[in-house]
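Student: only geometry, no sequence info:
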């Protein structure tokens, strides 16, 4: 399996979408005379992490596989991003900081060789969660069963928080990368 060709485009497309959603949210708030940074404290349910955490987690989840699938330790700076997500109730940050996290993740992804992660498909990965649970799997299983679902969970949650709180997002904003594949003449008019 070519993990690089699977993961990197998926991560990049969605990170760019998340950035666009944040821009749209900030514009809406500015037009209403509100502080966009306040949106970072919003959540869907009282026991869920806020938007600030979802953005940090989506950035973390896009980068963590780049190390694990090459058999490298996850750098402390990236672990700090995850930690910031866990503590986002106390320190949500700003929209500018959220956008910077996304930009950093995209730059890292863009710098990968076309086959950078492919050898990791058969690599044995022990994924230890903070609560002590350890998952043992191959790199392919990790990419399919952990990395992608975790990444999309946090992206969808960020989308849902913004949508729930009135940011005018729709399916086109979620899958904007699909417009590149539209067959000419098939886009409905009106």
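Tutor: Thanks, I have the structure now. Computed from a predicted model, the values in this text were never measured in an experiment.
Student: how about the most centrally placed residue in the chain, nearest residue that isn't a chain neighbour?
Tutor: Central residue of the chain (CA atoms, centre = their mean): residue 58, 2.6 Å from the mean position. In space, residue 58 comes closest to residue 154 once its chain neighbours are excluded; the distance is 4.1 Å by CB to CB, 6 or more residues apart in numbering. In this view, the C-beta of every residue, glycine as well, is placed from N, C-alpha and C.
Student: quick revisit: pLDDT score for the residue nearest to the centre of the chain?
Tutor: The model reports residue 58 with a pLDDT of 98.
Student: how about it, what does it touch?
Tutor: Applying CB atoms under 8 Å, 6 or more residues apart in numbering to residue 58 gives the contacts 14, 15, 18, 151, 154, 155, 158.
Student: so what touches stretch 179-190?
Tutor: residue 172.
Student: same thing with stretch 132-150?
Tutor: With CB under 8 Å, 6+ apart as the criterion, stretch 132-150 contacts 1, 3, 6-7, 10, 57, 61, 64-65, 68-69, 117, 120-129.
Student: helix/strand/coil for residue 112?
Tutor: coil (DSSP: H, G, I helix; E, B strand; the rest coil).
Student: can you give me the offset of the lengthiest helix in the chain from its chain's centre?
Tutor: When the chain is parsed with DSSP state H, its longest helix is helix 3-31. Remark: helix 3-31 is offset 8 Å from the chain centroid, using CA atoms, centre = their mean, to the nearest Å.
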